[in-house]
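>>> Give me a 3D structure for the following:
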Amino acid sequence: MPDELCQIAFKEWAAVCEALAAARQTIILRKGGIHEGREGFRVQHRRFGLYPTNFHQSAAALSADAAEFVQRARAGTKPGSGVSSAEAVPVRLLAEVAEVHELATEAAALRLASHHIWSESTVLQRFHYKQPGLFLLVVRIFKLPGPVALEETTEIAGCKSWVTLPTPFSTAELTPVLDNEQFAAQSDAVRLAVS
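Down below sits the predicted model:
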């Protein structure tokens, strides 16, 4: 992968970021934030950093096996985690979108239960919010060589999906969470679940 700079990040629950880092999931489900505008969520970028947030995240919104990822997310912001400031947000992952699907039925959304850490009630609530449907992003996740500490500014804060970072970060020396064969197998399983 060529060394490029990335200045775009995607805000995602911190526990979900940890699940992506651990290969527990290779998908992101998204309805969209209130700042998405009238047209709603769109996949504006195919390559982006993952900006972990606790905005709207709660234990009740996650599946029974998500506790370890919540704990990992908490540990990632503590002293000794490689982030120098308690107020800094650690960006540790880069995502590349391999596929985008629009889930038009509740059944399709629920068939993905083994592929993510949202609770069923969260899937249903998000699916039916405003108008039925969810976006499914199949993403290949890469670990950065070290965390990029970012201060959360007023421009970044709030309920939005995409943010422009004040300083771009290098995408050199990335390590894939899954190798090509593993990622292809996961992608096939997701595709089968929604077909």
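>>> roughly how far is the helix of greatest length in the chain from the heart of the chain?
Taking DSSP state H as the assignment, the helix of the chain that covers the most residues is helix 180-194. The chain centroid and the centroid of helix 180-194 are separated by 17 Å, computed with Cα atoms, centre = their mean, to the nearest Å.
>>> Kindly report the same for stretch 114-125.
On the basis of Cα atoms, centre = their mean, stretch 114-125 sits 14 Å off its chain's mean C-alpha point.
>>> swap in stretch 45-55?
6 Å.
>>> do stretch 165-182 as well
Put simply, stretch 165-182 sits 14 Å off its chain's centre (Cα atoms, centre = their mean).
>>> hmm, who's touching it?
Here stretch 165-182 makes contact (Cβ atoms under 8 Å, 6 or more residues apart in numbering) with 1-9, 20-23, 26, 47, 49, 91, 94, 140-145, 148, 150-151, 153, 156, 183, 186. For every residue, glycine as well, the C-beta is placed using N, CA and C.
>>> Of these, just the buried ones, PyMOL syntax please.
With 16 or more other Cβ atoms under 10 Å as the criterion, this PyMOL line picks the buried residues out of the contacts of stretch 165-182:
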select buried, resi 6+8+9+20+21+26+47+49+91+94+140+141+142+144+148+150+156+183+186
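>>> partner strands of the lengthiest strand in the chain, parallel or antiparallel?
Secondary structure of the chain per DSSP state E: the longest strand is strand 134-151. The pairing partners recorded for strand 134-151 under DSSP bridges are strand 27-30 (antiparallel), strand 88-103 (antiparallel), strand 175-176 (antiparallel).
>>> out of the ones you listed, nearest to residue 74?
strand 88-103 (11.9 Å; Cβ to Cβ).
>>> between the closest one and helix 180-194, what angle do the directions make?
In terms of direction (axes from the mean of the first three to the mean of the last three Cα atoms, to 10 degrees), strand 88-103 departs from helix 180-194 by 50 degrees.
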